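S.K.: the sequence isn't on hand, but the structure is:
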């Protein structure tokens, strides 16, 4: 990938479409047929009617890791890997399966 280019993903939401640069996505959490996207530049998670696999196919694989069946995590926000968990820079702890 060329320096300076961004990885913009378009996400359909209730009132339209949100375009988000992947570098701002901290993690994505699956919730049934929905996903909650946690971003550095959003106060609340964005809820999208897409399964986690959809995001895994759209986001750059070198930047995101599936830590659990319910979580897709941006590697740049991983602070530390513990035995069966990862600590994120924002203090959240995500399970590894």
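M.R.: Happy to help now that I have it. Everything numeric here is computed off the predicted structure, so don't read it as measured data. Numbering: from 1, shown residues only.

S.K.: shouldn't residue 76 be within a strand?
M.R.: No. Going by DSSP: H, G, I helix; E, B strand; the rest coil, the assignment for residue 76 is helix, not a strand.

S.K.: count of neighbours near it?
M.R.: 12 (other CB atoms under 10 Å). In this view, the C-beta of every residue, glycine as well, is placed from N, C-alpha and C.

S.K.: do the same with residue 41
M.R.: Neighbours around residue 41, by other CB under 10 Å: 9.

S.K.: got the contact list for it?
M.R.: For residue 41, the contact set (CB atoms under 8 Å, 6 or more residues apart in numbering) comprises residue 24.

S.K.: list the buried residues of the worst-scoring helix or strand of the chain on mean pLDDT.
M.R.: The least trusted helix or strand in the chain, going by mean pLDDT, DSSP states H and E, turns out to be strand 8-13, with a mean of 90. Residues 9, 11 are the ones in strand 8-13 that count as buried (16 or more other CB atoms under 10 Å).
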